[in-house]
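1. I'd like to go over a predicted model; first the sequence, then the structure.
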Amino acid sequence: MNKNITIQVENLSKAYQLGQIGTGTISRDLERFWTTKIRGKEDPFLKIGQTNDRTVKGDSDIVWSLKDINFEIEQGDAVGIIGRNGAGKSTLLKLLSRVTAPTTGNIKVKGRIASLLEVGTGFHPELTGRENIFLNGAILGMRKKEIARKLDEIIDFSGVERYIDTPVKRYSSGMYVRLAFAVAAHLESEILIVDEVLAVGDAEFQKKCLGKMGEVSKGEGRTILFVSHNMASIKALCNSGILLENGLVKNLGSAESVVRNYLGGNSDNLNYRKINSINNGFELIDFTIINKGSEIDDTILRDKEIFFLFNYNNQKNEFGLYFNVKIKDEEGRYLITTVSNISENIIGPGRGSAQMVIPAGFFNEGQYFIDLMIIRKDETGYLTFFHEPDILSIQILPEKRELGSWMGKEEGFIRHSFNWKS
């Protein structure tokens, strides 16, 4: 293992069995035991396993949550791990953190790992916040004096000083995350692994955490693995990325190129289309963004009408559904939330299509990220049928200008021409 390599993963796979545990018969259980434990060979029943596509009913009870994963991470790298729900992101982090063991393959890690995988990970509910700080430090192999030296800094960063001597079972989920992240980031580990639990915290604390992770990565040379559905955060913090899809590595490279690939684009020119995404019985067959009169692969210009085109299959034949579209900037700040008119029944049962039109010249040039939700409202309240954060990203370019005209970018995100009267 190269001296600059902190994490090396070779042919890593993790299989799970759906339904009942065991093969179903005593003879097959004995065959599996003899093959794997006595002879030390590969489990014969894993050969019939299928990839982890949660949207399709399979023929096998064995599912590969991860399959043949290979990558290397150097010291000081900040790596974003992205992918849809069920892609295998959390499973990968659990394997790297040694929470669970791989089915096949090897993981070589140089240094101590501090993990923040889910709310309350590594905390004993009966112990106070202060006691849990010392417990986590001891698990990392730190001495009591080392932990005590960092204690005030951890408490101050977490913002839960008033409750630090209260058992953590009385903490809210946000307080849990605040203290857990403060512990993981400040104790002396060479590798920091953070799952998407930061979404539980408020916006101010999320920004504070991202700043701290950038500091420990660039300033202290620690390695960071970060899972998030916020692509703006991934691009701001990480220098490289890993895109997982159905348990397989779909793309490795710079954070910019991996995010672009995830959000529907290739490395050279963006293809503003997302195809076939299913959630709670609502299938988005495709979602395309184009200028009026343009093709899918054409650039998006700010001085032309922008069309959001949707083709869907309302598999549950529900009525009263509507689109909720949120548009945000590169830093994850929401600029606009807009919904389709419920009374017009834009979404009907079965297959259908819809379009949303953004007026010419409305947005300034720049990169924007789109969140999409399909929601039903009735007398019982609101029900979310479909939710895909960062489903697509678009790069809006300036209008074509005559030679010699001003070529700069105006301030702000909205750059619309409103009606004026004297």
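-> Done, it's in. Residues are numbered from 1 along each chain as shown.
2. Show me this structure divided up by domain.
-> What automatic domain parsing lists as the domains of the chain is 73-260, 267-397.
3. roughly how far apart are residue 145 and residue 151?
-> 11 Å (Cβ to Cβ, to the nearest Å). No exception for glycine: its C-beta is placed from N, CA and C like everyone else's.
4. Who has more neighbours out of the two?
-> More crowded of residue 145 and residue 151, by other Cβ atoms under 10 Å: residue 151, with 15 against 7.
5. Looks to me like that one is in a helix.
-> Yes - using DSSP: H, G, I helix; E, B strand; the rest coil, the assignment for residue 151 is a helix.
6. give me every residue that touches it.
-> Residues counted as contacts of residue 151 (Cβ atoms under 8 Å, 6 or more residues apart in numbering) are 130, 133.
7. Low-confidence ranges, this structure, go.
-> 1-3, 17-29, 31-37, 39-61, 118-121, 197-203, 263-271, 331, 400-410 (pLDDT under 70).
8. which helices and strands does the strand of greatest length in it pack with?
-> As assigned by DSSP state E, the longest strand anywhere in the chain is strand 381-397. Here strand 381-397 touches helix 255-262, strand 273-279, strand 282-291, strand 300-301, strand 366-378, going by 3 or more Cβ pairs under 8 Å, 6 or more residues apart in numbering; DSSP states H and E.
9. if you set the cut-off to 10 Å instead, what comes out?
-> If you count contacts as 3 or more Cβ pairs under 10 Å, 6 or more residues apart in numbering; DSSP states H and E, strand 381-397 packs onto helix 231-237, helix 255-262, strand 273-279, strand 282-291, strand 300-301, strand 306-314, strand 321-328, strand 366-378.
10. Any idea how far the last one is from the middle of the chain?
-> In terms of Cα atoms, centre = their mean, to the nearest Å, the centre of strand 366-378 is found 16 Å from the chain centre.
11. Over to the shortest one?
-> Mean C-alpha position of strand 300-301 versus that of the full chain (Cα atoms, centre = their mean) differs by 27 Å.
12. Under a three-state scheme, what state does residue 417 occupy?
-> At residue 417 the chain is in coil, as set by three-state DSSP.
13. So what's the residue count around the residue nearest to it when sequence neighbours are not counted?
-> Spatially, and ignoring its direct neighbours in sequence, residue 417 is nearest to residue 361 (5.9 Å; Cβ to Cβ, 6 or more residues apart in numbering). Neighbour count of residue 361, defined by other Cβ under 10 Å: 16.
14. looking at it, residue 361 is touching residue 291, isn't it?
-> No - applying Cβ atoms under 10 Å, one finds residue 361 not in contact with residue 291, separated by 11.9 Å.
15. that older thread, the residue nearest to residue 417 belongs to a helix, doesn't it?
-> No - counting by three-state DSSP, residue 361 is not found in a helix; it is coil.
16. Need phi/psi at it.
-> phi 80, psi 10 (degrees, to the nearest 10).
17. picking that back up, overlap in contacts, residue 361 and residue 291.
-> Common contact partners of residue 361 and residue 291 (Cβ atoms under 10 Å, 6 or more residues apart in numbering): 301, 302, 303, 304, 305.
18. could you dump those residues to CSV with neighbour count and distance to residue 223?
-> Converted to CSV, the shared contacts of residue 361 and residue 291 look like this (neighbours: other Cβ atoms under 10 Å; distance: Cβ to Cβ, whole Å):
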residue, neighbour count, distance to residue 223
301, 18, 41
302, 19, 40
303, 16, 45
304, 18, 44
305, 16, 46
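19. Quick one: these as TSV, columns for distance to residue 171 too.
-> Converted to TSV, the shared contacts of residue 361 and residue 291 look like this (distance: Cβ to Cβ, whole Å):
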residue	distance to residue 171
301	50
302	47
303	52
304	52
305	50
